[in-house]
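Colleague: Have a look at this fold, sequence not included:
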């Protein structure tokens, strides 16, 4: 079995932990793991996916040692149902929302483009499934634009797919994760955090694995928080 | 607890999509399958490989290519734009294009096999009776390949009914336009609304089963009637 999988060491061991991480945080998590592994004797393997799927897998016995979710609801349920280690839950990052278009002159610095007819499709993540989608909905509701824009909304299943809709030019602009578009060309409006409820991304420990424990501890350090900040999140 | 209006909407769109795609597939797939079954063209295997490609590609990959190709920067979407239309992404028409490509092998292959299994003899006999190629096709090949048509239509319909990855990519989840039932179920499951998911999935299951029973029962009856 392991030979078929192409690896000759077991999935997890004394030193190696398996951590499920939300797709929006994947590239940042990779950077964090690199630094963490240099500093310690531990190894971290990342399983990237949507928080909804990870959650269902954990409920059905998936062998993850820790879970970096895209929201706080699912880690909370895991804690309440004793699938997570008690008192291990904390917010490791706040997601930020950016209105982004690959066209360099489309998005203005106050997001007033949303009041115009200059676009046919606005991409957001599905508010029912994705925390970034819920934040986008809150923003549009708060600005009284939800009903006006509804016919022009297209919804991605998750925030990465939402980015794809915009990046491929199918939607002219979209409310996407700042972490995804911070370094991309085009035009940006970084949505002020007070315009929607915070996108709290929480982590929980699922087993008592020492490597996973050490990694979550590392996430709270100043060094880790600096990496998280630079990547377009805010930290609590 | 029962089905919400948007769930009925999603079911309706799905059935409409599957029916439309199946009709288009039969119209496009019949001449293609006939040609493939009759031709001595040396490059035939290339065409067969292209037709079978959607079987191999993961639906999300196919969906990704379609999203790029049908979008305003892609060749197809660009063409639509150039002639003053809208790129077909995020619309019901876009889903039809996607489904036709996605379900193509499920229609062409049974038809091709059915035409092939007729053999050359009935067609030759018809030719000696001065049937034109057109007559031979309509009055000999098509009736003899009837069960192939039933299989092709059922497979094309069923495969489109269960389509997910492609729609996820090119649909945009617009209620009443591109939100098909598989996506609606997925949304319910992912947002932990399991009861709702069960209701919709159960309804889809029942409808699909009844449709299949109807088709196969009809097909059997036909055979009995045959002189």
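Modeller: Yep, that arrived. Since this is a predicted model, take the numbers as computed values, not measurements.

Colleague: Now do the helices in chain A.
Modeller: A:26-39, A:51-59, A:73-80, A:131-142, A:146-149, A:159-167, A:178-181, A:210-219, A:222-230 (DSSP state H).

Colleague: Does anything pack onto the longest one? Which helices or strands?
Modeller: This points to helix A:26-39. Using 3 or more C-beta pairs under 8 Å, 6 or more residues apart in numbering or on different chains; DSSP states H and E as the contact test, the elements touching helix A:26-39 are strand A:43-49, helix A:210-219, helix A:222-230. In short, each C-beta sits where N, CA and C put it, glycine included.

Colleague: returning to what we had before: for residue B:193, which of the helices of chain A is the nearest?
Modeller: Residue B:193 sits nearest to helix A:51-59 of all the helices of chain A, at 11.6 Å, using C-beta to C-beta.

Colleague: Now do that closest one and helix A:131-142, the angle between them.
Modeller: 140 degrees (axes from the mean of the first three to the mean of the last three C-alpha atoms, to 10 degrees).

Colleague: name the helices or strands packed onto helix A:51-59?
Modeller: Helix A:51-59 sits against strand A:16-22, helix A:73-80, helix B:181-190, with contacts defined as 3+ C-beta pairs under 8 Å, 6+ apart.

Colleague: Out of the ones you listed, which is the most enclosed?
Modeller: Mean neighbours per residue, mean count of other C-beta atoms under 10 Å in any protein chain shown, is largest over those for strand A:16-22, with a mean of 24.

Colleague: Counting by contacts, list what that strand packs against.
Modeller: strand A:43-49, helix A:51-59, strand A:66-68, helix A:210-219.

Colleague: Include mean pLDDT when you put the helices and strands packed on helix A:51-59 into JSON lines, please.
Modeller: Formatted as JSON lines, the helices and strands packed on helix A:51-59 follow (pLDDT from 0 to 100):
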{"stretch": "strand A:16-22", "mean pLDDT": "93"}
{"stretch": "helix A:73-80", "mean pLDDT": "95"}
{"stretch": "helix B:181-190", "mean pLDDT": "87"}
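
Colleague: out of those, which comes closest to residue A:97?
Modeller: Proximity to residue A:97 (C-beta to C-beta) singles out strand A:16-22 among the helices and strands packed on helix A:51-59, at 15.2 Å.

Colleague: Listing partners with orientation, what would you give for that closest one?
Modeller: strand A:43-49 (parallel), strand A:66-68 (parallel) (DSSP bridges).

Colleague: Quickly, which of the helices and strands packed on strand A:16-22 bottoms out on average pLDDT?
Modeller: Mean pLDDT is lowest for helix A:51-59 among these, at a mean of 86.

Colleague: gap between that one and the chain center?
Modeller: Chain-centre distance of helix A:51-59: 15 Å, with C-alpha atoms, centre = their mean, to the nearest Å.

Colleague: Kindly report the same for stretch A:20-34.
Modeller: The chain centre lies 9 Å from the centre of stretch A:20-34; the measure is C-alpha atoms, centre = their mean.

Colleague: Mind listing what's buried along it?
Modeller: A:20, A:21, A:22, A:23, A:24, A:25, A:26, A:28, A:29, A:32, A:33 (16 or more other C-beta atoms under 10 Å in any protein chain shown).

Colleague: which other residues reach that stretch?
Modeller: Identification of contacts with stretch A:20-34 by C-beta atoms under 8 Å, 6 or more residues apart in numbering or on different chains yields A:19, A:44, A:46-51, A:54, A:57-58, A:62, A:64, A:66-70, A:93, A:95, A:132, A:158-160, A:177, A:179-180, A:201, A:215, A:218-219, A:224, A:227-228, A:231, A:233.

Colleague: what's the span of that stretch from first residue to last?
Modeller: 16 Å (C-alpha to C-alpha, to the nearest Å).

Colleague: Check stretch A:185-196 too.
Modeller: Stretch A:185-196 end-to-end distance (C-alpha to C-alpha) = 25 Å.

Colleague: Columns mean neighbour count on top of the helices and strands packed on helix A:26-39, output as a markdown table?
Modeller: As requested, the helices and strands packed on helix A:26-39 are exported to a markdown table (neighbours: other C-beta atoms under 10 Å in any protein chain shown):
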| stretch | mean neighbour count |
| --- | --- |
| strand A:43-49 | 18 |
| helix A:210-219 | 20 |
| helix A:222-230 | 15 |
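
Colleague: do you know which of those lies nearest residue B:100?
Modeller: The nearest among those, by C-beta to C-beta, is strand A:43-49 at 30.7 Å.

Colleague: and the closest one, how far from the chain's centre?
Modeller: In this view, strand A:43-49 has its centroid 14 Å away from the chain centroid, taken as C-alpha atoms, centre = their mean.

Colleague: So which residues make contact with that strand?
Modeller: Contacts of strand A:43-49 (C-beta under 8 Å, 6+ apart): A:11-12, A:15-23, A:26, A:29-30, A:33, A:36-37, A:54, A:64, A:211-212, A:215.

Colleague: quick one: it to helix A:210-219, angle?
Modeller: Orientation check (the same axes, to 10 degrees): strand A:43-49 against helix A:210-219 gives 80 degrees.

Colleague: Kindly calculate the angle that strand A:43-49 makes with helix A:26-39.
Modeller: Going by the same axes, to 10 degrees, strand A:43-49 is angled at 170 degrees with respect to helix A:26-39.

Colleague: What pLDDT is listed against the residue in chain A positioned nearest to chain B?
Modeller: Closest to chain B within chain A is residue A:154: 3.2 Å, counting by C-beta to the nearest C-beta. Looking at residue A:154, its pLDDT stands at 96.
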